[in-house]
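Colleague: Predicted coordinates and the sequence they were generated for:
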Amino acid sequence: MPLQKLRRQFEERRLSLIETLQKNKEGLELSQQHQIYGAIKEIENFLKALDYAREEQLRGDTWELKSIEPKMKRTVGHAKERTRVFFSNIGIVLKERVAHPAKRVAHAMRKKVRLVKEVAKEVKARSKEKEE
């Protein structure tokens, strides 16, 4: 069965379930309403999966192995290039995942200490005013 025909049948079934739910809302038991609603949601999920599969097919992203041959040559220069890229990626990760969050934490702690000191000065000044 062609994919479009299957999709059309599921869309028709979904529409008929929606009509049934809208027309017989008072006549149906609550459990039947829930079952129909669940069936509608399952059909919608199936249609979304079909759309996604179609997009992947059109894009050409398949994960099947086309051949056993390596995609890049394994030469000494290639190993040097891979090593350089590896270390540059580690540098980026250290900056983005470690250095920046650590810098934000240190800045927040300095700000907190500054606020505590300001509050202590204010309390000390107010206590001197009360003594006088």
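Modeller: Great, that's in hand.

Colleague: right, and the secondary structure at residue 27 would be what?
Modeller: Secondary structure, DSSP: H, G, I helix; E, B strand; the rest coil: residue 27 is coil.

Colleague: Quick check, pLDDT for it.
Modeller: Predicted confidence (pLDDT) for residue 27: 84.

Colleague: burial count for it?
Modeller: Using other CB atoms under 10 Å, residue 27 has 8 neighbouring residues. In short, each C-beta sits where N, CA and C put it, glycine included.

Colleague: Could you do the one 3 residues further on as well?
Modeller: Using other CB under 10 Å, residue 30 has 7 neighbouring residues.

Colleague: Could you shift the numbering so residue one becomes 46, and keep it that way?
Modeller: All right, first residue 46 from here; so that's residue 75.

Colleague: So it versus residue 153, what's the distance?
Modeller: In this view, residue 75 and residue 153 are 51 Å apart by CB to CB, to the nearest Å.

Colleague: Same check on residue 100?
Modeller: Where residue 153 is concerned, residue 100 sits at a distance of 43 Å (CB to CB).

Colleague: For the helix or strand residue 131 falls within, give the mean pLDDT please.
Modeller: Assessed by DSSP states H and E, residue 131 sits inside helix 121-138. Averaged across helix 121-138, the pLDDT comes to 77.
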